[in-house]
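> Any chance you could fold what I've pasted below:
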Amino acid sequence: MRVRGLVWIRTLACEAGVPGFESPRTRHKKEENTMVSVNPFKEFHAGCETVLKDAIKQLYPTFSLPSVLLEIPPNLGFGELATSVCFELAKHAKKKPRTIAEELVQAIDVNGFPLVESVEVAGAGYINFRVNSELFSRLTLESARALDKEYGYVKTSEPQNILLEHTSVNPIHPIHIGQARNPMLGDAIARILEAHGHKVSRHYYVDDVGRQSAVIAYGYSKLGKPKPEGKPDRFIGAIYAVTSCIMEVQRLKKEVENAKKLAPTEVLELQRKLDEWISIVSDIEQRFPEIFNRLLDEISGDSDPEEQVSKLIRGYEASEDEAKRLLREVCELCLEGFRETLRSVEISIDSWDWESDLIWNGDVNRALEQLKKTPYVFEENGVLEFDAEKVAHDLDLKNALGISDDHELSSLTLVRADGTTLYTTRDIAYHLWKFQRAERVVNVIGMEQTLPQLQLKLALSALGHVDYVTKLTHFAYSLVRLPGYRMSSRRGRYITLDEVMEGAAERAYAEVSKRSPHLSDQDKREISEFVGKGAVKYALIAVDPTKPVVFTWDRVLDFEKNSAPYIQYSHARAYSILRKASREPENADYSLLVDPMERDIVLTLARFPEVFVDAAENLRPNAIADYANALADRFNRFYTKLPVIKAESAGLSDARLALVDATRIVFRNALKLLGIEAPERM
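Purely as a prediction, here's the structure:
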């Protein structure tokens, strides 16, 4: 039966054979009248909101209710929920807030709402709601343990096919730590959306058209298309850095030689740039001596290397066989390395979408022809431009795009004077292709692409797809910084994600050895591998995406606070308690969970489903990371202060065991959303 907000189930979901609810721990007792809720805190919140609305409607029927009636107080001393609506009502009713609060509390009827234990007036006009601690603890802990791997993963009522593009690092060098935030965020978002009930397809956009790929192809060809030594993306990165460097020095030398007509200050600036690149040459020569010396000889013998690169660009766009074979070969080599790196951190890609395919199959030309038929495309000095501002004005889209009316959008260049297209032009065709395959599109792309992403939405709107403005989400993020280190692809200065992962595992090994000296070396190595991976992933996800990540080892591998190792260690502690207890909490007396630390953990566990829904609906993977860290703080305080196995009574011991087990489950489920392993021991 349904009792005003509570679902009562005679047996655990796993006993009933509900799909997805099978527990890996088969010791659960199948009790009669076990209460199970997919969202325990929402049950309490809904009850409080219902009785409050009923009382307001009874006493003040003409009052317009605010969108938010209840809030979580700053501490449990004020109850689990509170409202300040009486201050708004005071203006409407011309009464003191305290008087209105007293009237409402008298009118509130909690009969039929077993989770709402009491309602009381506080301060100058607040109303505090207190939960029935015993019933709420039982509901929360039994729900977590019954739903197990599904606890917290509230399903959407409107599942969608979502195409999510992430990573998409240009195939010119290995994925480095400056770019590594993208795959970590993208993978976490995909996991969260799937857990919410959506069907997610992960796509990687291979940006193989343009100067960078052509520079590598030029250098690779000059070397005689050698077989890579070592990891192929590192090999390609070396060729790109060396070729770019030699070409830049040659270009600057010519400019200095032809600088007689320039002002002295301009000549000095050119010479300064040349001197800077010559110093870079020295560094690159030391790191890649064989490649450097061979390419220097070959490129020096070319009268115009830049024209050779331009010829490759034009030939590739024109689908000329020789250019296609050469550029695809070097790009595939780099992608081979990318796949290896992504596999090592358990990140999968469903589709690798080539930018060049959109040109060769005619999609880009078709999109351009459609745009030319709109009143928003014009030609200026042989260059084809798209008037983004006019589209935003004519279709009244600035508010929907989140920009102010007085912000003027710059035009978008569609085609250069030489007939070649630009990245965003090709992106228009790509997104028309995407929306043939999905109802919603999410692009995990850096914040520096904010304007191009706005122009993209306006171009799609000009083509008649105004609805794509809301269906296309640009998940913007800031990049990663290393204190005292400036990364540059052209200069070959970067720290690869592979190197960071290796370094994380080595540092984790030292910490695991210190904390668990009794483990075998093999166990220490295995633990340090997943601890290292989790540490890097968490560090790149936990920071608000709009803020840059400052990557330091001390913070990333902190076992004591706000890090993946800290949360993983907390999970292992919970598992250790359950292992030592070696029994199921069969006679838990939830009325004995009265310590503020216990109540705080129960409340936190109960709110996990709500945190998850927020993360899924607002694309906030960092909210999951923040939540897991907060839960670890609460659990570790509990762990150090209150005995579990040796508690004062058997009923209290079993209740605390149930609390520990539910906490273990939530740690594991939260970490899974971030792609981080939850270890049984550390």
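> pLDDT wise, what is the closest residue to R314 other than its chain neighbours at?
Spatially, and ignoring its direct neighbours in sequence, R314 is nearest to T420 (6.6 Å; Cβ to Cβ, 6 or more residues apart in numbering). To be clear about C-beta, it is placed using only N, CA and C from the backbone, and glycine gets the same treatment. pLDDT, T420: 82.
> what sits against T420?
T420 is in contact with I313, R314, E317, counting by Cβ atoms under 8 Å, 6 or more residues apart in numbering.
> same check, this time on L401
Under the criterion of Cβ under 8 Å, 6+ apart, the contact partners of L401 comprise A392, L454, K457, L458, V469.
> and of the residues you listed, the nearest to L262?
Distance from L262 was checked for each of these by Cβ to Cβ. The minimum falls on L454, at 37.6 Å.
> before we move on, which element is that closest one in?
helix 450-462 (DSSP states H and E).
> quick one on the thing from earlier: quickly note the distance from the residue nearest to R314 to A214.
Between T420 and A214 the distance is 11 Å, computed by Cβ to Cβ, to the nearest Å.
> who touches both of those two?
In contact with both T420 and A214: I313, using Cβ under 8 Å, 6+ apart.
> I'd like to know which elements the helix or strand containing Q522 is packed against.
Assessed by DSSP H and E, Q522 sits inside helix 521-542. Using 3 or more Cβ pairs under 8 Å, 6 or more residues apart in numbering; DSSP states H and E as the contact test, the elements touching helix 521-542 are helix 181-195, helix 497-515, helix 553-556, helix 564-581, helix 621-641.
> Go again with 6 Å.
When contacts are defined as 3 or more Cβ pairs under 6 Å, 6 or more residues apart in numbering; DSSP states H and E, helix 521-542 packs onto helix 181-195, helix 497-515, helix 564-581, helix 621-641.
> Determine which of these approaches P596 most closely.
Taking Cβ to Cβ as the criterion, helix 621-641 is the member of these that comes nearest to P596, at 9.9 Å.
> by how many degrees do the closest one and helix 181-195 diverge?
Taking axes from the mean of the first three to the mean of the last three Cα atoms, to 10 degrees, helix 621-641 and helix 181-195 form an angle of 80 degrees between their directions.
> Which residue, other than its chain neighbours, is closest to K231?
With Cβ to Cβ, 6+ apart as the criterion, K231 has its nearest non-adjacent residue at 5.1 Å, and that residue is G337.
> likewise N669?
Here the residue nearest N669, using Cβ to Cβ, 6+ apart, is G152, at 5.2 Å.
> try F378
Using Cβ to Cβ, 6+ apart and skipping residues adjacent in sequence, the residue nearest F378 is E385, 5.5 Å away.
> Can you list the buried residues in the host helix or strand of the one you found?
Taking DSSP H and E as the definition, one finds E385 inside strand 383-386. For strand 383-386, burial by neighbour count (16 or more other Cβ atoms under 10 Å) applies to L384, E385, F386.
> can you tell me how far the second one sits from A459?
Noted for E385: a distance of 12 Å to A459, by Cβ to Cβ.
> Then the last one?
Shown here: F386 relative to A459, a distance of 6 Å by Cβ to Cβ.
> One more: L252?
Applying Cβ to Cβ, the value for L252 to A459 is 37 Å.
> the more surrounded of the two?
Neighbours per residue, other Cβ atoms under 10 Å: of L252 and A459, the larger number sits with A459, 28 against 19.
> Now for that one: which residues touch it?
Neighbouring residues of A459 by Cβ atoms under 6 Å, 6 or more residues apart in numbering: I428.
> related to what we said a few turns ago, include pLDDT and neighbour count when you put the contacts of T420 into TSV, please.
Rendered in TSV, the data for the contacts of T420 read as follows (pLDDT from 0 to 100; neighbours: other Cβ atoms under 10 Å):
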residue	pLDDT	neighbour count
I313	94	21
R314	92	15
E317	92	20
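> just for this structure, where's the confidence low?
Counting by pLDDT under 70, the chain contains low-confidence ranges at 1-34, 489-490.
> Just give me the residue right at the centre of it.
Computing the C-alpha centroid of the chain and ranking residues by Cα atoms, centre = their mean puts L185 first, at 2.7 Å.
> Distance check, it against E526.
L185 sits 27 Å away from E526, going by Cβ to Cβ.
> neighbours of the closest residue to V543 other than its chain neighbours, just the number please.
The spatial neighbour of V543 that comes closest, neighbours along the chain excluded (Cβ to Cβ, 6+ apart), is V549 at 5.0 Å. Using other Cβ under 10 Å, V549 has 25 neighbouring residues.
> again, but for H465
16.
> Please apply the same query to I108.
The burial count for I108: 21, using other Cβ under 10 Å.
> Show me where the stretch 351-500 of the chain has its helices.
Listed from the start of the chain, the stretch 351-500 of the chain has helices (DSSP state H, counting those that start in this stretch) covering 355-360, 363-372, 388-394, 398-401, 423-434, 450-462, 468-471, 497-515.
> ok, back up a step: how about the strand holding E385 as PDB, C-alpha atoms only?
Taking only C-alpha atoms (Å, rounded to 0.1, in the frame of the first residue of the first chain), the coordinates of strand 383-386 have been written out as PDB:
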ATOM      1  CA  VAL A 383      35.800  36.000 -48.700                       C
ATOM      2  CA  LEU A 384      32.400  34.500 -47.900                       C
ATOM      3  CA  GLU A 385      31.000  35.700 -44.500                       C
ATOM      4  CA  PHE A 386      28.000  34.800 -42.300                       C
END
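> Which other helices and strands does that strand contact?
Under the contact criterion of 3+ Cβ pairs under 6 Å, 6+ apart, strand 383-386 touches strand 412-415.
> what sits against L456?
Applying Cβ under 6 Å, 6+ apart to L456 gives the contacts D427.
> With F435 as the reference, measure out to it.
12 Å.
> Any idea how many residues pack against the residue nearest to T62 when sequence neighbours are not counted?
Nearest residue to T62, sequence neighbours excluded (Cβ to Cβ, 6+ apart): H92, at 7.9 Å. By other Cβ under 10 Å, 12 other residues sit near H92.
> pretty sure H92 is touching S64, no?
No - using Cβ atoms under 6 Å, H92 is not in contact with S64, being 8.4 Å away.
> circling back: mind putting the helices and strands packed on helix 521-542 into a markdown table with distance to L371?
Conversion of the helices and strands packed on helix 521-542 to a markdown table gives the following (distance: least, Cβ to Cβ, whole Å):
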| stretch | distance to L371 |
| --- | --- |
| helix 181-195 | 29 |
| helix 497-515 | 38 |
| helix 564-581 | 46 |
| helix 621-641 | 35 |
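> Ranking the ones you listed by mean neighbour count, which comes first?
Most buried of the helices and strands packed on helix 521-542 by mean neighbour count (mean count of other Cβ atoms under 10 Å) is helix 181-195; its value is a mean of 24.
> what packs against it?
With contacts taken as 3+ Cβ pairs under 6 Å, 6+ apart, helix 181-195 sits against strand 199-206, strand 440-446, helix 521-542.
> Mean neighbour count added to the ones you listed, as JSON lines?
Conversion of those to JSON lines gives the following (neighbours: other Cβ atoms under 10 Å):
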{"stretch": "strand 199-206", "mean neighbour count": "20"}
{"stretch": "strand 440-446", "mean neighbour count": "21"}
{"stretch": "helix 521-542", "mean neighbour count": "22"}
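> Of those, which is nearest R130?
Shortest distance between R130 and the helices and strands packed on helix 181-195, using Cβ to Cβ, is found for helix 521-542: 32.7 Å.
> can you give me the angle that closest one makes with helix 564-581?
For the pair helix 521-542 and helix 564-581, the angle between their directions (the same axes, to 10 degrees) equals 130 degrees.
> Helix or strand next in line after helix 521-542, which one?
The C-terminal neighbour of helix 521-542 among helices and strands, as given by DSSP H and E, is strand 549-550.
> Report how many residues lie close to the closest residue to Q370 other than its chain neighbours.
In space, Q370 comes closest to L463 once its chain neighbours are excluded; the distance is 5.5 Å by Cβ to Cβ, 6+ apart. Using other Cβ under 10 Å as the criterion, L463 is surrounded by 19 other residues.
> Many thanks, we can stop here.
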